[in-house]
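1. All I have is the shape, not the residue letters:
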């Protein structure tokens, strides 16, 4: 592919190089091989020849072919870029959905964490109250307030021991 075939002068060659370099440069999504070829042809000084049209206006066949090829490449690159962008947008959409789901899970856990903490505090208070009550019963059981009740309790223990 000869990019500079039929250029009418060095200025036109330079302008064509700049336009095509913008299209083919890899940093702008272009093809690295085409850019190397373009640069090689520009630097190696391919000659510029022109043709005269009717009325004396100049046109270059190579320029138009180069521009046509450049437009085709741009269309292909644009299509590729649009597909990539659509894929990236889908990824962003999916990630946003995952973030929202995780936020809901965190809110649920935080709400339940508060409930569990309150429930644990309530159970701790009930356990403390039960322990106090048990201590009172144990203390009352150690006090022989009524000798007949104490004897009766002792007899009951003996009877249970004999049954076993």
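-> Received, thanks. Nothing here was measured: the structure is a model prediction, and the numbers come from that model.
2. For the rest of this, base every contact and every neighbour count on C-alpha atoms.
-> Will do.
3. what's the helix or strand hosting residue 75 packed up against?
-> Using DSSP states H and E, residue 75 falls within helix 61-142. For helix 61-142, the elements it packs on are helix 10-24, judged by 3 or more C-alpha pairs under 8 Å, 6 or more residues apart in numbering; DSSP states H and E.
4. quick one: the next helix or strand after the helix it packs on to helix 10-24, angle?
-> Next helix or strand after helix 10-24 toward the C-terminus (DSSP H and E): helix 32-43. Following axes from the mean of the first three to the mean of the last three C-alpha atoms, to 10 degrees, one obtains 170 degrees for the angle between helix 32-43 and helix 10-24.
5. Return the distance of helix 32-43 from the chain's centre.
-> 38 Å (C-alpha atoms, centre = their mean, to the nearest Å).
6. ditto for stretch 11-19
-> 42 Å.
7. how much space is there between the most far-flung residue of the chain relative to its centre and residue 98?
-> Note on the chain: the largest C-alpha distance from the chain mean falls to residue 148, namely 80.7 Å (C-alpha atoms, centre = their mean). As judged by C-alpha to C-alpha, to the nearest Å, residue 148 and residue 98 stand 75 Å apart.
8. cool, residue 37 as well?
-> 46 Å.
9. more crowded one of the two?
-> In terms of neighbours (other C-alpha atoms under 10 Å), residue 37 is the more surrounded of residue 37 and residue 98; the figures are 15 against 12.
10. Tell me who's in contact with the more buried one.
-> Applying C-alpha atoms under 8 Å, 6 or more residues apart in numbering to residue 37 gives no contacts.
11. Same check on residue 88?
-> The neighbourhood of residue 88, defined by C-alpha under 8 Å, 6+ apart, contains no residues.
12. Need the pLDDT of it.
-> The model reports residue 88 with a pLDDT of 91.
13. do residue 125 as well
-> 93.
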